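Q: Below is the sequence, then the predicted model.
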Amino acid sequence: MGQQKKMVDDITSMDEDFAKWYTDVVKKAELIEYTSVKGCMVIRPYGYAIWENIQATLDRMFKDLGHENVCMPMFIPESLLNKEKDHVAGFAPEVAWVTYGGNEKLEERLCVRPTSETLFCEHYKSIIQSYRDLPKLYNQWVSVVRWEKTTRPFLRSREFLWQEGHTIHASAEEAKEETIRMLNVYEDFCENYLAMPVVKGVKTEKERFAGAEDTYTIEALMHDGKALQSATSHYFGDGFAKAFEIQFADKDNKLKYPFQTSWGATTRLIGAIIMTHGDDNGLVLPPKIAPTQVVIIPIAAHKEGVLEKAEELRARLSKTCRVKCDTTDNSAGWKFAEYEMKGVPLRLEIGPKDIENNQCVIVRRDNREKYFVPLDELETKIPELLELVHKGIYEKAFNRRAEMTFVAKTFDELKDIADNKPGFIKAMWCGERECEEKLKEIAGVSSRCIPFEQEKISEKCVCCGRPAKDMLYWGKAY
RNA sequence: CGGGACGUGGCGAAGUUUGGUAUCGCGCUUGGUUUGGGACCAAGAUGCCGCUGGUUCGAGUCCAGUCGUCCCGACCA
């Protein structure tokens, strides 16, 4: 049997210190361990299993839309990184460089990829000649490195795992469609698999990805009222194609520049799950990505027949769900606390009394509701309960977001909300960068996105009073 | 990169002011009793006190440097 480590120290409560609560959960649920390199963490089996489930689901969604997986190198020569000037300006400050190979100093230093646009461009240039070669719908699952100054597990590490999709199309329209299609995939995934409501929209020019024409985002609201950008999708136009001289012969036999997109989601999603659903007892995992969906706890396991029954149920239920049976000799109470901390959606208790009545007790992680379930109904009841947990945590998150979303019509209102009420602020904006910067500087909020679902809150910009263009979500962000 | 806190068995801490035998709780090992909300008894094992140098008869403690971690800002997935 595995380790039987005891977690006697309580998790710091969220209200007391949210940041401490977060690191407590991350450590005590055994998701990560720190290493000797700042910002580089070990993702432990339980944490990695969550990522594998995220990965498996997204990968299937991508492939259903015709995307293919590839794998680019980890190194980018400096000259290649330098080709698109906005792009390099955006990333240069945070790249790690390789300057030696063995004992030899390299003639040209290599950066460890912070993102792979340049590599994809170089590759596309060499494989695309004709419109018949388009589109290419590529994706890769790799890690990237960004030398961040401040690091936090999952939310900001120097190396992180992600997928980056890179597509290239014959027309701008097709590329734009792809950008939105993938944004919708992320929204679908967050809401229906992670039970996490998101706001979908486009970034302002100031917040745009380096080298993109448009950056689309889904923004989620964490328990403490801070926003988290959970995935992005970029439309590049033909800017990269021009910088990298990618051209194709179209049907009319004229050389044209193709249009590109890129889109990504990272291990940050695990941080989002923790901070969206977690509570003072620890993690609460969305059933669809929980490594263990049901944990069986034998009660009075020394009594005759209990362990056998528990094991029999485990074998039976493994066809229905991801199930685990804890047969260690820790006390039942210890196990209850342990699996609550690990966020397992359902706990199944089976003891002598239950066996006598041919039933078991099932307890939901999200609200601790208790169900007595006849053993022969488990195959139907468990999927139902998992679905209820999914809906329960989605609704809780949705309602909390609604309670923490405020409307500001004037600068003073906005400042007051920003200072006193954590959450999203909806306010009108004139479109000027100056106002955006002023709100950041004076109220401490950044623009999260211009949501697709617009509301006309007022006619005037919340900052300068001039005629407003759009309604924006503002907030403090991770 | 600025401001703050910190580094002592696996984990969490005390000890540092005033230099003098390395402490406590948890975990771990063995045996026994327990088991429906973090059980108990007994016996054990585990320390380059972050690292380097200095002061001193003697340094976890004082001095200098260095590395790293966490939190709050600025920047970022």
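A: Arrived safely.

Q: Give me the secondary structure label for the residue nearest the centre of chain A.
A: The C-alpha lying nearest the average C-alpha coordinate of chain A belongs to A:Leu269 (Cα atoms, centre = their mean; 2.0 Å). Per DSSP: H, G, I helix; E, B strand; the rest coil, the local secondary structure of A:Leu269 is helix.

Q: show me what contacts it?
A: A:Leu269 is in contact with A:Ile54, A:Cys190, A:Leu194, A:Ser230, A:Ala231, counting by Cβ atoms under 8 Å, 6 or more residues apart in numbering. Glycine gets a C-beta too; all of them are placed from N, C-alpha and C.

Q: Next, find the distance separating the closest residue to RNA strand B within chain A from A:Glu122.
A: Nearest residue of chain A to RNA strand B (Cβ to the nearest atom of the strand) works out as A:Lys38 at 1.9 Å. Counting by Cβ to Cβ, to the nearest Å, the gap between A:Lys38 and A:Glu122 amounts to 31 Å.

Q: The two - which one has more neighbours?
A: A:Glu122 (18 against 14; other Cβ atoms under 10 Å).

Q: could you say which helix or strand contains that one?
A: Taking DSSP states H and E as the criterion, A:Glu122 maps to helix A:117-127.

Q: touching RNA strand B at all, that helix?
A: No: figure legend: helix A:117-127 not in contact with RNA strand B (Cβ under 7 Å from any atom of the strand); closest approach 12.1 Å.

Q: Looks to me like A:Val363 is in a strand.
A: Yes: with three-state DSSP as the criterion, A:Val363 is part of a strand.

Q: So which bits of the stretch 51-200 of chain A are right by RNA strand B?
A: Going by Cβ under 7 Å from any atom of the strand, the residues of the stretch 51-200 of chain A near RNA strand B are A:93-94, A:146, A:148-158, A:160, A:162.

Q: how close does the residue nearest to the centre of chain A sit to A:Gln229?
A: When distance is defined by Cβ to Cβ, A:Leu269 is 11 Å away from A:Gln229.

Q: Just name the shakiest helix or strand of chain A by mean pLDDT.
A: Across the helices and strands of chain A, the lowest-confidence element by mean pLDDT, DSSP states H and E is strand A:32-34, at a mean of 84.

Q: can you pull the buried residues of that strand?
A: Neighbour-count burial for strand A:32-34 flags A:Ile32 (criterion: 16 or more other Cβ atoms under 10 Å).

Q: and what of stretch A:17-33?
A: Within stretch A:17-33, the residues that count as buried by 16+ other Cβ under 10 Å are A:18, A:21-32.

Q: Would you agree A:Met275 is in contact with A:Leu228?
A: Yes: under the criterion of Cβ atoms under 8 Å, A:Met275 lies in contact with A:Leu228, with a separation of 7.1 Å.

Q: so the residue of chain A closest to RNA strand B sits right up against A:Glu159, yeah?
A: No: in this structure, A:Lys38 is not within contact of A:Glu159 by Cβ under 8 Å, at 10.9 Å.

Q: ok, back up a step: pull up the pairing partners for whichever helix or strand comes after the least confident helix or strand of chain A, direction included.
A: Scanning forward in sequence from strand A:32-34 by DSSP H and E, the next helix or strand is strand A:41-43. When pairing is defined by DSSP bridges, strand A:41-43 lines up against strand A:32-34 (antiparallel).

Q: Any idea how far the strand it pairs with is from the middle of the chain?
A: Offset of strand A:32-34 from its chain centre (Cα atoms, centre = their mean, to the nearest Å): 19 Å.
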